[in-house]
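>>> A predicted structure for the sequence below; I have some questions about it.
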Amino acid sequence: MKSMAVVIDYQNVHMTAADVFLPNSPKEDALISPLKFGQRLAAVKNASLQDPNDHVRLARVDVFRGLPLREDPKEGYRRNQAQKYYWEQEGNGIVQVTLRPLKYKNEYIDGKKRPIWSSAQEKGVDVLCALTLCRLARSGNYDVVVLASRDTDLAPAVDEAYSYGMAKIETVKWFSPTVKWTQGSIRTEHRIWTTSMNEDDFRASLDTRTYQ
């Protein structure tokens, strides 16, 4: 059995799932458990492989996402920290979550600079995903390294990781036959296998814990 590592661009995976499978629901209803996602990915891959020697076991999940400021009025900082704690506990050493501070535009109210909460943007998460993908690919510790993201900016990193020839590089995406744009994959120079995960896989990957 082959070892598999997964690199998750969390916001990309989470928001894409919400858009595809729960378009009329609050985004938090599409919260993904990194461990369940990785386990489901392994199950989907193994179901498609005839040779048991090609089957994979989930060995590592690296998660990258933005972290709101402590002062966030919607308490995003506290929830993100709680999610990081539970995901890593649930993963029992397999899951590692890295939170990178979000960037905000500012406004001045009564002469004091304050963040515009609606302007929050992730910065550097894609770079961390790219670096980790390449680092895991050349580590020699994993047979398969999978990128979970639809961010086309990561295509060069996928090609770079592939060029090392030390691990099989793949991607994974959400897919629905009723949503046309889910048919495509990240365009790379090399032929990269992409695993499609459907609505049943999405439901199996959900984090159903309530974060107050």
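Arrived safely.

>>> mind listing the strands for the chain?
In the chain, the strands defined using DSSP state E lie at 2-9, 56-67, 95-101, 106-109, 112-115, 144-148, 168-174, 193-197.

>>> Quick check: which helices or strands does the fifth one pack against?
Strand 112-115 is packed against strand 106-109, with contacts defined by 3 or more C-beta pairs under 8 Å, 6 or more residues apart in numbering; DSSP states H and E. For every residue, glycine as well, the C-beta is placed using N, CA and C.

>>> Now do the buried residues in stretch 20-35.
Residues of stretch 20-35 classed as buried: Val20, Phe21, Leu22, Ala30, Leu31, Ile32, Ser33, Pro34, Leu35 (neighbour count, 16 or more other C-beta atoms under 10 Å).

>>> picking that back up, the strands of the chain: which one's closest to Arg79?
Ranking the strands of the chain by distance to Arg79, with C-beta to C-beta as the measure, places strand 56-67 first at 10.3 Å.

>>> still on that earlier bit, of the strands of the chain, which stretch is the most buried?
strand 144-148 (a mean of 28; mean count of other C-beta atoms under 10 Å).

>>> in terms of contact, does Leu99 touch Lys84 like I think?
Yes: when contacts are counted by C-beta atoms under 8 Å, Leu99 is listed as touching Lys84 (6.1 Å).

>>> thinking again about what came up before, restricted to helices, list the buried residues of stretch 20-35.
Of those, the ones assigned to helices by DSSP state H are Val20, Phe21, Pro34, Leu35.

>>> May I see these arranged in CSV, with distance to Leu58 as well?
Shown next, in CSV, are those (distance: C-beta to C-beta, whole Å):
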residue, distance to Leu58
Val20, 23
Phe21, 22
Pro34, 10
Leu35, 8
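
>>> pLDDT and distance to Leu49 for those - can I get that in TSV?
TSV is the format used below for those (pLDDT from 0 to 100; distance: C-beta to C-beta, whole Å):
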residue	pLDDT	distance to Leu49
Val20	98	25
Phe21	98	25
Pro34	98	23
Leu35	98	21
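
>>> now the angle between strand 95-101 and the longest helix belonging to the chain, please.
If you go by DSSP H, the chain has its longest helix at helix 76-91. Angle of helix 76-91 versus strand 95-101, following axes from the mean of the first three to the mean of the last three C-alpha atoms, to 10 degrees, is 170 degrees.
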